[in-house]
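1. fold the stuff below for me.
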Amino acid sequence: MGWIFLILGVLVVAGTLSKEGRRQLTQGQRIGGFAFGVVFLLIGLAYLFPAPQPPQQPQTAQQTQQTEPTQPTAPTEAPKPEEPPQPEEPSNPPPTLPGLAWVDITLNLEKEPFGFRWKAEKSNVLPGVWIRRASEVDPDTGAEMVVEVYSYGDKVLHYEVSVSGLNAEPTASWLLPFLATAPFDGNPQLESKAWAEKALGQVRQGAPLERRVGEAVFVLSGNPPTSYTLEVSHRDYESWLSQHLR
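-> Numbering: from 1, shown residues only. The predicted model follows:
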């Protein structure tokens, strides 16, 4: 293509400058033809001798990384959530009251007229044991009521209720007998309630009263008329507890 433009340019320029061209063409035609011939010459030279390209600067490592196509990476799998560690099974599990679950106590006390709200925490001393605690104030007497339930799994090994205040006796007279009727196997509920009501009038400071029913032990202690406590445990609870508190 460059040679064609070059030859056409030479022929046009030569024709305008020849004697024949001067005779046949007017001055304006010769000037125009000469200009066209020069343009053809320049186009032909541009094709045949292109302008040199400026040298490219070497790319840096960072530019190379940017220009190189990135290879698709395989999608990474999301890390699987770690399962919570399972509690270690103690070699000597605690004895529990047969047939009594901690919810049997807490659920009843959450209802009216009690309205207890529970907080649970794991024991730092007793392996595998959880302690649920709730406290409320009797609006009629101002006495404070505190209930604690010790459980292993779903089962109860010990629970206790305390009533204290300047006017604690009226509150203790209905709360302690109520909790003496917990529905564990072998507990004659009406007899246990009657025993608690009678023991409240007999208990003295430093002289707790005890009752054994099946596998359970009831202990009622206090300092009348300002404080009363009822504890109900498995009969082997104290011996098991002493092994872990040495």
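
2. please count neighbours and contacts with C-alpha atoms only from this point.
-> OK.

3. OK, contacts around residue 123?
-> Applying CA atoms under 8 Å, 6 or more residues apart in numbering, one finds that residue 123 lies in contact with 129-131.

4. ugh, wrong one, I meant residue 223
-> Residues near residue 223 by CA under 8 Å, 6+ apart: 203-206.

5. tell me where the protein is predicted with low confidence.
-> The chain contains residues with pLDDT under 70 at 1-3, 5-25, 27-30, 32-90, 246.

6. and it, what are its domains?
-> Taking automatic domain parsing as the criterion, the chain consists of the domains 2-48, 102-244.

7. possible to save those as CSV with distance to residue 96?
-> Shown next, in CSV, are those (distance: least, CA to CA, whole Å):
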stretch, distance to residue 96
domain 2-48, 103
domain 102-244, 4
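
8. quick revisit: give me the buried subset of the contacts of residue 223.
-> Buried residues within those, counting neighbours by 16 or more other CA atoms under 10 Å: 203-204.

9. which two from the contacts of residue 223 end up farthest apart in space?
-> Within these, two members stand farthest from each other by CA to CA: 203 and 206, at 8.7 Å.

10. who touches both of those two?
-> In the contact map built from CA under 8 Å, 6+ apart, the residues linked to both residue 203 and residue 206 are 221-223.

11. dump the residues you listed to CSV, plus secondary structure and distance to residue 143.
-> Compiled in CSV, the shared contacts of residue 203 and residue 206 are given as follows (DSSP: H, G, I helix; E, B strand; the rest coil; distance: CA to CA, whole Å):
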residue, secondary structure, distance to residue 143
221, strand, 17
222, strand, 14
223, strand, 14
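
12. possible to save these as TSV with distance to residue 185?
-> Putting the shared contacts of residue 203 and residue 206 into TSV (distance: CA to CA, whole Å) gives the following:
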residue	distance to residue 185
221	24
222	27
223	31
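
13. assign a three-state SS to residue 196, would you?
-> Taken by DSSP: H, G, I helix; E, B strand; the rest coil, the conformation at residue 196 corresponds to helix.

14. which elements pack onto the helix or strand harbouring residue 210?
-> Secondary structure assignment for residue 210, by DSSP states H and E: strand 209-213. Contact partners of strand 209-213 among helices and strands, from 3 or more CA pairs under 8 Å, 6 or more residues apart in numbering; DSSP states H and E: strand 216-223.

15. quick check: next helix or strand after the strand it packs on?
-> Past strand 216-223, the next helix or strand by DSSP H and E is strand 227-234.

16. re the thing from before, will you turn the contacts of residue 123 into JSON lines that also has distance to residue 93 and secondary structure?
-> As requested, the contacts of residue 123 are arranged in JSON lines below (distance: CA to CA, whole Å; DSSP: H, G, I helix; E, B strand; the rest coil):
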{"residue": "129", "distance to residue 93": "9", "secondary structure": "strand"}
{"residue": "130", "distance to residue 93": "13", "secondary structure": "strand"}
{"residue": "131", "distance to residue 93": "16", "secondary structure": "strand"}
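
17. and those residues, which is closest to residue 234?
-> residue 129 (14.4 Å).

18. so what's the closest one bridging to?
-> Each beta-bridge partner of residue 129 is listed here, defined by DSSP bridges: residue 152.

19. in this structure it contacts residue 150, no?
-> Yes. Proximity of residue 129 to residue 150 meets the contact threshold set by CA atoms under 8 Å, at 6.6 Å.
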